[in-house]
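J.: Structure here, sequence nowhere to be found:
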């Protein structure tokens with residue numbers, strides 16, 4: 001015997017099963033969302049509320065300009081983009097013919113000046129000797145007048161002879177006055193100073209130093225250790241003083257500039273630990289840095305055309321403040337970075353004991369200086385002394401007598 005169910009009976013039999021399955025799925029979804037919500041709430045309470053994150057962060061660093069310090073024509077380029085260079089390495093060479101000629105001219109002028117000044121000392125000694133002779137002549141003329149004065153009264157000598165003695169005395173006095181003035185004038189040029197310290201010699205020596213340094217500046221050297229970039233110099237190019245020819249980036253002294261929203265700044269402090277990941281390496285490489293400073297103003301405040309919010313309609317735009325994050329040199333050496341690379345920054349704000357604004361003058365950054373130009377004048381000083389000694393032969397005693 002067969003029993004058949006109508007359409008209505010089949011429907012009433014299937015719907016309760018479907019409703020049961022839908023109810024289970026809904027409960028499972030609600031449970032998943034509840035667990036996720038609880039997990040997120042727990043993470044936020046334990047850690048998330050003490051973190052500030054931004055993707056608006058980039059690698060930053062010092063760019064040392066290699067700038068022409070004198071005019072000239074480029075004759076050689078010894079480094080190109082992507083080359084690693086050490087401090088002091090010659091990068092660009094300029095034509096040095098004019099500088100060599102100027103140096104030779106300055107050397108000759110210094111030698112001539114030393115000899116001329118040495119002659120002044122000899123002249124001063126001669127003037128002193130002449131003064132002593134005139135003083136002797138005057139003393140002799142006065143003695144003659146003293147002897148002849150009583151004789152003319154007795155008639156032993158004629159009045160004419162006595163008049164000649166008077167004229168001789170007057171002439172000796174005038175000669176002594178002239179010799180005194182000449183001696184004083186010559187002595188004023190050399191008094192209390194040696195040949196090497198004479199103003200004329202110092203001025204000529206300065207010209208030698210200038211010419212020597214100009215010759216040294218025809219070779220442009222790397223101011224720091226780093227990588228060459230942005231080369232614009234070309235062989236045969238005529239350059240002027242102050243023209244940048246290439247740049248050197250110190251890749252071992254980079255930092256990260258993280259631009260946090262103004263609503264994220266309240267908990268940021270100097271010294272807080274920062275975890276950073278770079279897109280170039282992915283999340284597998286994590287850098288550990290520290291906040292070393294918050295900038296003095298937002299990016300818009302220092303833009304070329306700051307917003308004029310007092311004119312027209314105003315729309316609020318969330319501002320961002322650059323925050324400087326120091327990187328570890330050891331981590332940089334293991335995983336080098338480049339300027340401008342994107343960085344993901346997570347700042348740990350648990351410790352809020354630090355300052356948000358530095359009130360102490362920071363010490364000079366390590367490596368943010370160069371001594372490559374310090375030795376330019378040392379060779380010039382040796383050259384000046386050699387020229388002075390070579391042209392002072394036999395004048396030491398003359399200096400002492402003239403002084």
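T.: Cool, the structure landed. Keep in mind the model is a prediction, meaning the values are calculated, not measured.

J.: tell me what the strand or helix carrying residue 60 is packed against?
T.: Assigning secondary structure by DSSP states H and E places residue 60 in strand 57-67. Identification of packing neighbours for strand 57-67 by 3 or more CB pairs under 8 Å, 6 or more residues apart in numbering; DSSP states H and E yields strand 244-261, strand 343-348. For glycine as for every other residue, the C-beta is placed from the backbone atoms N, C-alpha and C.

J.: I'd like to check the angle between it and strand 244-261, please.
T.: 160 degrees (axes from the mean of the first three to the mean of the last three CA atoms, to 10 degrees).

J.: And the contacts of strand 57-67?
T.: 91-92, 220, 222-224, 226, 229, 242-251, 253-259, 276, 278, 324-325, 337-345, 368, 370 (CB atoms under 8 Å, 6 or more residues apart in numbering).

J.: what's the angle from that strand to strand 343-348?
T.: Using the same axes, to 10 degrees: strand 57-67 against strand 343-348 is 120 degrees.

J.: ok, of the contacts of strand 57-67, which come out buried?
T.: 91-92, 220, 222-224, 226, 229, 245-251, 253-259, 276, 278, 324-325, 337, 341, 343-345, 370 (16 or more other CB atoms under 10 Å).

J.: For residue 215, which of the helices and strands packed on strand 57-67 is the nearest?
T.: Nearest to residue 215 among the helices and strands packed on strand 57-67 is strand 244-261; the distance by CB to CB comes to 18.2 Å.

J.: how distant is whichever strand or helix holds residue 118 from the center of its chain?
T.: Using DSSP H and E, the element containing residue 118 is helix 97-154. Mean-position distance between helix 97-154 and its chain equals 51 Å (CA atoms, centre = their mean, to the nearest Å).

J.: Can you tell me the centre-most residue of this structure?
T.: residue 369 (6.4 Å; CA atoms, centre = their mean).

J.: For it, give its distance to residue 253.
T.: According to CB to CB, to the nearest Å, residue 369 and residue 253 sit 11 Å apart.

J.: do residue 380 as well
T.: 32 Å.

J.: Can you give me the distance of residue 172 to residue 146?
T.: Plainly put, residue 172 is 14 Å away from residue 146 if you go by CB to CB.

J.: Settle it for me: which of the two has more neighbours?
T.: residue 172 (20 against 10; other CB atoms under 10 Å).

J.: can you tell me which residues contact the more buried one?
T.: 134, 137, 138, 140, 141, 142 are the contacts of residue 172 under CB under 8 Å, 6+ apart.

J.: and it, that's in a strand?
T.: No - counting by DSSP: H, G, I helix; E, B strand; the rest coil, residue 172 falls outside a strand, being helix.

J.: Now do the contacts for residue 306.
T.: residue 300.

J.: Which element, helix or strand, includes it?
T.: Judged by DSSP H and E, residue 306 forms part of no helix or strand.

J.: Backbone dihedrals for it, please?
T.: The phi/psi pair for residue 306 (degrees, to the nearest 10) reads phi -60, psi 150.

J.: And the pLDDT at it?
T.: At residue 306, the model reports a pLDDT of 76.

J.: now residue 122
T.: For residue 122, pLDDT reads 70.

J.: Could I get the full set of strands for the protein?
T.: 51-54, 57-67, 72-77, 84-85, 90-94, 219-221, 226-229, 238-239, 244-261, 273-278, 286-294, 320-326, 343-348 (DSSP state E).

J.: Mind putting those strands into TSV with distance to residue 109?
T.: Shown next, in TSV, are the strands of the chain (distance: least, CB to CB, whole Å):
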stretch	distance to residue 109
strand 51-54	64
strand 57-67	30
strand 72-77	22
strand 84-85	38
strand 90-94	24
strand 219-221	24
strand 226-229	39
strand 238-239	28
strand 244-261	32
strand 273-278	59
strand 286-294	53
strand 320-326	52
strand 343-348	59
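
J.: Point out the one among those that comes closest to residue 194.
T.: strand 219-221 (34.6 Å).

J.: tell me the mean pLDDT over that closest one?
T.: According to the model, strand 219-221 has a mean pLDDT of 94.

J.: is it true that residue 291 touches residue 275?
T.: No - checked against CB atoms under 8 Å, the pair residue 291 and residue 275 is beyond contact range at 11.9 Å.

J.: With neighbour numbers in mind, choose between the two.
T.: For residue 291 versus residue 275, neighbours defined as other CB under 10 Å are more numerous around residue 291 (24 against 15).

J.: What score does the more buried one have for pLDDT?
T.: The model reports residue 291 with a pLDDT of 93.

J.: Distance-wise, check the residue lying closest to it once chain neighbours are set aside relative to residue 52.
T.: In space, and not counting its chain neighbours, residue 291 is closest to residue 272: 4.9 Å by CB to CB, 6 or more residues apart in numbering. As defined by CB to CB, residue 272 lies at a distance of 9 Å from residue 52.

J.: for residue 213, same thing?
T.: From residue 213 over to residue 52 (counting by CB to CB), the distance is 51 Å.

J.: go on, residue 211?
T.: 58 Å.

J.: can you check residue 268 too?
T.: 6 Å.

J.: Could you tell me which residues touch both of these two?
T.: 260, 347, 349.

J.: Would you state the predicted confidence (pLDDT) at the first one?
T.: Read it as residue 260. Residue-level pLDDT assigned to residue 260 equals 93.

J.: which residues of the stretch 151-300 of the chain score low on pLDDT?
T.: 151-153, 155-159, 162, 179-192 (pLDDT under 70).

J.: on that earlier part again, so for residue 167, which of the strands of the chain sits nearest?
T.: Among these, strand 72-77 sits nearest to residue 167 (CB to CB), with 70.5 Å.

J.: what's stretch 279-295 in contact with?
T.: 255-256, 265, 268-278, 321-328, 331, 335, 337-338, 341-344, 347, 354, 356-358, 362.

J.: Would you mark the buried spots in stretch 77-94?
T.: Neighbour-count burial for stretch 77-94 [16+ other CB under 10 Å]: 77, 78, 79, 83, 85, 87, 89, 91, 92, 93, 94.
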